[in-house]
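# Predicted model and sequence below, questions to follow.
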There are 2 protein chains.
Amino acid sequence: MAASTLTEVARLAGVSPATASRVLNGSARIPGKDIAERVRQAAESLGYIPNAQAQGLAKSSSGLIGLIVHDIADPYFAAIARGVQDAAREQHKMVLLATTEGAPDSEKEAVAAFAARRADSIVIAGSRTSRAEDLGGNTELAAELDRYCRNGGHVGVIGHGIVGAAAADGYHVVRVPNEELAAQLATELAASREEDFVIVGGPEGLFTSDDRIRGFQRGLASAGLPAADVIRTHFTRAGGFEAGLALAARIAASQPGTEAKRLCIFAVNDVMAIGAAAALRSQGLRIPRDAAVAGFDDIETLRDFRPALSTVHLPLEEIGRQAASSAAGPSADDAGSPPITGQVILRRSTEVAHPSSTESVA
Amino acid sequence: MAASTLTEVARLAGVSPATASRVLNGSARIPGKDIAERVRQAAESLGYIPNAQAQGLAKSSSGLIGLIVHDIADPYFAAIARGVQDAAREQHKMVLLATTEGAPDSEKEAVAAFAARRADSIVIAGSRTSRAEDLGGNTELAAELDRYCRNGGHVGVIGHGIVGAAAADGYHVVRVPNEELAAQLATELAASREEDFVIVGGPEGLFTSDDRIRGFQRGLASAGLPAADVIRTHFTRAGGFEAGLALAARIAASQPGTEAKRLCIFAVNDVMAIGAAAALRSQGLRIPRDAAVAGFDDIETLRDFRPALSTVHLPLEEIGRQAASSAAGPSADDAGSPPITGQVILRRSTEVAHPSSTESVA
DNA sequence: GGATATTGGGAAAGCGCATTCCCACTGCCT
DNA sequence: AGGCAGTGGGAATGCGCTTTCCCAATATCC
C-alpha cells in the first residue's frame, strides 16, 4: 500500500488534480469554498501526504537547507546547529546535516550532495583553513560553491569566507570578530596582572585559531607586553590536554629557579582550555593558583566548570540563525542583520593570585 | 544558468539519456567501456550533478534518513546524532534533522515531513512519555509512524517504543537498559555508605526518567534500604539546579539538629546532576563533603567536571548508530546488533565522606 | 549457414506534482 | 439583448530521472 497521491485525492473528491493541488498546497488561485472543503476531506480520509520530492521537482526548490559542520557532537557546532534549526523552522524548511571533520574535500562533497538535493541554501560552519595542503581542496570547494551559487543557491559561511570563493551573490559571510575579541581579552587580562602569557592554538592555517592568536598578541602588544609563546596543537580537548601537559612541565621546571611569574594560558577555544586545565590538574597544579586559564566561545555546557572559565562569549545560536537567514534570500531587513558581537567574560580561572591566602569559594 | 541535466550530458556524449543514466548512476546494465568513458567525460565537462529529487521520484527512495531529537544542542542528543550521522555515511545517505522539544505533536509533524520527503528511515531519539496530556499526541504519532511503516518506511526508536505503536515490521527499538543500570548504580552506591538517598527526576511520565527512578529504587530496596524521596523537576540543567537549591535548603536545615546522614543525590541524567551540583555549590556546600551526587549518561563534555561525576556510561554514539542501521533494513547481521549495555562509573562526586575524625569506611 | 541466444543501445512511459493555457460559465454594462 | 470582462475549473505539459520494453547487431549453436 503505497502512499496516496494527489491524483487519488482529486478523484475521490471528484475534481481534477489541478484543483486538488491548488487547494492543498499554496497557490495564487484559491478554489471555491465548497470544493476546497471536499478536497480537504478527501485528503484527510486518505491520509494524503504530498510528495515533497515531486513538489520539489516541479517547483525546483526543495525546502531544504544544508548545514555543514566539523562534528555535530562538538558543543560549538551543536549550538550553531540549534540556531540554524531555529531559522529553518521559521522558514518552514528542514535542515540537512553533513559532518566533514573539517576536510575541504569532504566539504566539497557535502556541497555537491546538497546541490544534488537542490537545497535552497547551505550554511557552512567550521573554520576555514589556509594550509598549503588544503589549497587544492579549498579551490575545489570554492568552485563547487560557486557553481551552486550560479545555479541559484544561497550560501552562508560562518567566520571566514572560503578561500578563493568569488564574491558571487547569494554568498554571504557571517563575520565573527575573533581577532578583535581576542585582543580585548588580552587587554583585559593584561590590565590586572603581570604574568607570562602563553597561547595554546590550533594547527597553523586554521583561520579561527590564527585570528584569535593574532588578536591576542595584538592586545598584549598594545598593553606593552611581549608576544606570548604559541603552542600549536589540535583544535580539540585532546590537543588542549597535550599542551597542558607540556605547560605543566614548564611550570614545574621553573618553580625552583628564580621567582617565576605565574603563567596565564589562553587557549583559543573553550574545549581546548578545558583540556589544558585538566592536564594541569592532573599534574597537581591548581587553577588559578598556579596558572590562569582562559578560553574562547563560552560554551554553555562548560559554564558549570570549576574554576569557572574566563572566556569570550559568542552568541553561537544567533550566529547560526543569522547564517541561515542571510542565506534565505533578501528578507525584509536587507540592511542585513546586526553584526555579531561577543564579550569578554572574566571568571575565576583567571583571577589574580592571592599569594598563599585561603582560596575563596566560587 | 541552471544546472545541467542528464539529457544534456547524453546529448553531448551522443548517446541516449537512458544510456547516460546507466553509466552515471548504478545500474544492472553497464554500457560498453568506450561509451561509458564518453559519457563520463561529458558529465565531467558539464559539471553534471544528478538531481536527487528526480532520482528519488523515479526510484521512490530518497537516500535520506530522518532524525528526531528534542534539542540538538543537548550533548546527549548531539552524541546520538553523531552516531546516526556515522551510520548514514556508511549507508551513503544524508541525515535530515528535526528538533521537537519532545512534544509528541511536533514529533508527529516531523514524521509527516520525513514521510513527505520519502525518507528511507527515521530515527527517533528522545524519551517517550506516558503522560495523560500526551496521550492524544502519542496516539497520533503512533498512527503517523504506522502509516509511514506501512508505506515501506523503517523506523528506529531509541529507548522506549512509541506508546500505542503497533509492532509493524520496519519498526525497531534500540532498548537502553535504563532500569537495570540505575539499579546497579544504586546497589554500588549503597554498598559503601550509609546515607539518605534522594532522586532528582524528570517530570512524571517521562519513560527514561521513570525507568531510571524505578531501577534506582529497586536497587536500594534490594540493598535493604528504604525508598528514596523523589523530587520531580525539569529534565534539564535548570531543573537540576532548582532541585539542588531545594536540597541545599534541606541540608542546611538538618545541619543543626540530630546527626543527619549525608545526602546522596541521584539525578536521572548528567546535565541535571551538574545543575544540582552547581546549586549546592552556590549555597556553599561542597561535593562530596556535604553531599554526594551521581548522574546518568556519562556525557563526554562533562567528564572534566570537578568533582568528577559518578554516573552510568551509555554508549550514546553506538546507540545512535545502531538505531540508524537497524532501521536501514535487514542487513547482513539480521540476528541484530548486540544489545546496548552501559556501566556504572563511580568517580569522586560520590566518594564516601571522611568525617575528619572517624576513619574512612570500607 | 540459417536459426536462436545474447548483447548493447534507444524509445517511451511514467514517478507525483505545479502550472500554463484554455474553456465554460456567470454577471455586468451599454 | 448582445458583448465584455471576470471567475472557477480542467486538460495537458514538463520538471529530471529510472526503467521497462523493444529492436538491431553480433555471437553461438547444431
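Received, thanks.

# Roughly how far does residue A:231 sit from DNA strand D?
When distance is defined by C-beta to the nearest atom of the strand, to the nearest Å, residue A:231 is 49 Å away from DNA strand D. The way it works is simple: take the backbone N, C-alpha and C, and place the C-beta from them, glycine included.

# List the buried residues of the helix or strand that contains that residue.
With elements delineated by DSSP states H and E, residue A:231 resides in strand A:229-232, which encompasses its position. Neighbour-count burial for strand A:229-232, with 16 or more other C-beta atoms under 10 Å in any protein chain shown as criterion, is recorded at A:230-232.

# Nearest to chain B among the residues you listed?
Of all the buried residues of strand A:229-232, residue A:231 has the smallest distance to chain B: 19.1 Å, by C-beta to the nearest C-beta.

# residue contacts, the closest residue to that closest one other than its chain neighbours?
Here the nearest residue to residue A:231 in space, its sequence neighbours aside, is residue A:243; by C-beta to C-beta, 6 or more residues apart in numbering or on different chains that works out to 4.7 Å. Counting by C-beta atoms under 8 Å, 6 or more residues apart in numbering or on different chains, residue A:243 touches A:200, A:231, A:233, A:267, A:272, A:275-276, A:279.

# Quick check: next helix or strand after the helix or strand hosting residue A:250?
With the criterion set as DSSP H and E, the secondary-structure element containing residue A:250 is helix A:237-254. Once helix A:237-254 ends, the next helix or strand along the chain (criterion: DSSP H and E) is strand A:263-267.

# what's the following helix or strand after that following strand?
helix A:270-282.

# quick one, that next one and strand A:263-267 angle?
Direction vectors for helix A:270-282 and strand A:263-267, defined by axes from the mean of the first three to the mean of the last three C-alpha atoms, to 10 degrees, enclose an angle of 140 degrees.

# Count the neighbours of residue A:45 for me.
When counting by other C-beta atoms under 10 Å in any protein chain shown, one arrives at 12 neighbours for residue A:45.

# how about it, what does it touch?
The neighbours of residue A:45, taking C-beta under 8 Å, 6+ apart as the test, are residue A:12.

# Kindly report the same for residue A:248.
Residue A:248 makes contact with A:279-280, A:282-283, A:285 under the criterion C-beta under 8 Å, 6+ apart.

# Excluding chain neighbours, what is closest to it?
Distances taken as C-beta to C-beta, 6+ apart place residue A:283 nearest to residue A:248, at 3.8 Å, with adjacent residues excluded.

# for that neighbour, what are its contacts?
Listed by C-beta under 8 Å, 6+ apart, the contact partners of residue A:283 are A:245, A:248-249, A:252.

# Most neighbours out of those, which is it?
The residue in those with the most neighbours, by other C-beta under 10 Å, is residue A:248 (21 neighbours).

# ok, now how distant is it from residue A:287?
When C-beta to C-beta, to the nearest Å is the yardstick, residue A:248 and residue A:287 sit 11 Å from each other.

# Likewise for residue A:303?
16 Å.

# How about residue A:279?
If you go by C-beta to C-beta, the gap between residue A:279 and residue A:287 works out to 11 Å.

# Residue A:240 now?
Distance from residue A:240 to residue A:287, counting by C-beta to C-beta: 13 Å.

# hmm, back to that, for the strand holding residue A:231, give me every contacting residue.
Residues outside strand A:229-232 that contact it (C-beta under 8 Å, 6+ apart): A:197-204, A:213, A:243, A:246-247.

# CA atoms only for that strand, dumped as PDB, please.
The C-alpha coordinates for strand A:229-232 follow below in PDB (Å, rounded to 0.1, in the frame of the first residue of the first chain):
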ATOM      1  CA  ASP A 229      54.700  31.900  23.200                       C
ATOM      2  CA  VAL A 230      52.400  29.900  21.000                       C
ATOM      3  CA  ILE A 231      51.900  26.200  21.300                       C
ATOM      4  CA  ARG A 232      50.400  24.600  18.300                       C
END
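
# I'd like the average pLDDT over it.
Strand A:229-232 shows an average pLDDT of 96 in the prediction.

# Then stretch A:30-48?
Confidence for stretch A:30-48, expressed as mean pLDDT, is 85.

# Pick out the residue of the stretch 151-300 of chain A closest to DNA strand D.
Residue nearest to DNA strand D within the stretch 151-300 of chain A (C-beta to the nearest atom of the strand): residue A:151, separated by 9.8 Å.

# Just give the nearest non-adjacent residue to that residue, would you?
That would be residue B:3: by C-beta to C-beta, 6+ apart, it lies 4.7 Å from residue A:151.

# quick revisit: residue A:303 and residue A:287: which has the busier surroundings?
Neighbours were counted for residue A:303 and for residue A:287 using other C-beta under 10 Å; residue A:287 has more, 20 against 17.

# Give me the below-cutoff pLDDT ranges for the stretch 51-200 of chain A.
For the stretch 51-200 of chain A, the stretches with pLDDT under 70 are A:165-168.

# Please enumerate the strands of it.
With DSSP state E, counting those that start in this stretch as the definition, the stretch 51-200 of chain A shows strands at residue ranges A:64-69, A:94-99, A:121-124, A:154-158, A:171-174, A:196-201.

# helices or strands up against the fourth one?
Applying 3 or more C-beta pairs under 8 Å, 6 or more residues apart in numbering or on different chains; DSSP states H and E, one finds that strand A:154-158 makes contact with strand A:121-124, helix A:135-150, strand A:171-174, helix A:316-326.
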